[in-house]
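> sequence unknown, structure follows:
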C-alpha cells in the first residue's frame, strides 16, 4: 500500500515530455537548476517499480555522475525519496539500493574510469551532467554502453547535462535533433522551470559574462568550450601597439615559472582603450623588476598585483614611484577583475595585440552553481600573465576621473 500512496513532486510540461518519451537514447540539454536531476530521479523510480521485463530479467539502473562526491550525495537524496518499507537492501559504501520488486539501482562517479563499469549489467543508464565526464566519449563507448548489451531492446539510456562546448554530449544531442532512429533530444533553459525565481536568473544575466550565462543558464553550447571570452577575442586584435602615450599600466608579478608583465593602455582614435606598451620577462631578480617599474612614466597610474610577494614589493616601490596602487587577488576580487575585462572584450571597449589574444584563447572558467563563483585561469601548462596584466590595466583605465576624460563601462 505504501507504493500506491507514494507521492512525488509534479513535473512541469517540458519535464513531462521527456518523461513520456519511449525511445532508447534520450539526450537532454538544459540550463542550471532546470530540474534535470528531479526528472531523472522520477524516471529511475518508474523503472524500479516495474521490477522486471517481459524477458524475465530484473531492472538494474545505473546512475552516473561526473564525480564520486556527487554520486554519494545523489544516493542519499534518492534513498530519502523511497518509503522505508519497500527497501530490501541499501549499502552506502557501494551506493546500492534494492527494493521489493527485485529491481536495483547503483550510483557511480565517472572519474573512476572505464574499468569500474566492466563486469556489470544494466538495463537503464542515466548519465547526469554527461558533458563534464573526463573522456566522456570513450567512457560511454568502452565502459558504460557495453554493460547494457545483455538487456537488448529493454536497455535505455539518458544523457542529461548543461553543455560544455560542443563535445561528445553535443554530438549525442545532434543525433536526436537529426531524428536518427532510436534517438530523441530535448532542450530547455533555466527560465523554463516555473519553480525558479526569474529575478535570480536575470541577476545572473547581469553578473556573468555573456558566454558563461548563455552556456550555464540558456544551455547554449559555446563553440569555444569553457573559454569565457567566447568568440569575441579576434574582433579586438590590433596589428601593433598604439603609438599614443599610455594612460595606465597593469603589472602582473612573477618570480620563476610564470612571467612578469608590464602592459599599458591608451585611448585610441575610436575612443576605446588600445594596448600601447608591453614588456614581459622571466626569472629576473626583484631589483631588476623594480627598476623596470620605476622607469615607467611617473605621472601615469599603475596597478600592480600585490598578492603574496607583491605586497612588500609594492611597499618598497611606493617610496619612489608615485601613482602606484596594489590589487590583492582572492576568490571574489579576481572574479570581479576578470569579469569586467571579459565584458570590455565582449563590447569591443578594449583592443590588444596577438600576444594577449593567444593567452585568451587558452583561458578557461569553471562555474560553481552553488556559490555562483567562477574560477578563471589558463589551461594546464599555459600562462595567463598577459591576460592578468591587461585586466589590471583595464580595471585602472575604467576608473579614471572625469577630469582625465575617462568613462566607465557601467555608464558608457
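Here it is on my side, so go on. Every value quoted in this text rests on a predicted model; they were computed, and no experiment measured them. Residues are numbered from 1 along each chain as shown.
> For residue 298, give me its contacts.
Neighbouring residues of residue 298 by Cβ atoms under 8 Å, 6 or more residues apart in numbering: 321, 322, 323. Backbone N, C-alpha and C define where each C-beta goes, glycine included.
> try 10 Å
Applying Cβ atoms under 10 Å, 6 or more residues apart in numbering to residue 298 gives the contacts 320, 321, 322, 323, 324.
> so where do the helices sit in the stretch 1-150 of the chain?
Counting by DSSP state H, counting those that start in this stretch, the segments of the stretch 1-150 of the chain that form helices are 13-20, 36-50, 68-81, 136-138.
> Report the inter-axis angle for the longest one versus helix 13-20.
Interaxial angle of helix 36-50 relative to helix 13-20 (axes from the mean of the first three to the mean of the last three Cα atoms, to 10 degrees): 30 degrees.
> now helix 36-50: mean pLDDT?
For helix 36-50, the mean pLDDT works out to 94.
> Distance of residue 303 relative to residue 69?
Distance of residue 303 to residue 69, computed by Cβ to Cβ, to the nearest Å: 38 Å.
> which of the two has more neighbours?
residue 303 (25 against 11; other Cβ atoms under 10 Å).
> Helix, strand, or coil at the more buried one?
Classification of residue 303 using DSSP: H, G, I helix; E, B strand; the rest coil returns strand.
> quick one, what contacts it?
Taking Cβ under 10 Å, 6+ apart as the test, what residue 303 contacts is 248-252, 323-327, 337, 389, 391-397, 399.
> Show me the strands in the stretch 101-250 of the chain, by range?
Secondary structure of the stretch 101-250 of the chain, counting by DSSP state E, counting those that start in this stretch: strands at 104-109, 124-128, 156-161, 183-188, 248-252.
> Tell me which of the ones you listed sits most buried.
Of the strands of the stretch 101-250 of the chain, the one with the most neighbours on average (mean count of other Cβ atoms under 10 Å) is strand 248-252, at a mean of 28.
> Please name the strands paired to the following helix or strand past that one in the sheet, noting orientation.
Next along the chain after strand 248-252, taking DSSP states H and E as the criterion, comes strand 260-267. Next to strand 260-267 in the sheet, as set by DSSP bridges, lie strand 248-252 (antiparallel), strand 273-281 (antiparallel).
> what angle sits between strand 260-267 and strand 301-305?
With the same axes, to 10 degrees defining the directions, strand 260-267 sits at 150 degrees from strand 301-305.
> For strand 260-267, what does the pLDDT average out to?
For strand 260-267, the per-residue pLDDT averages 96.
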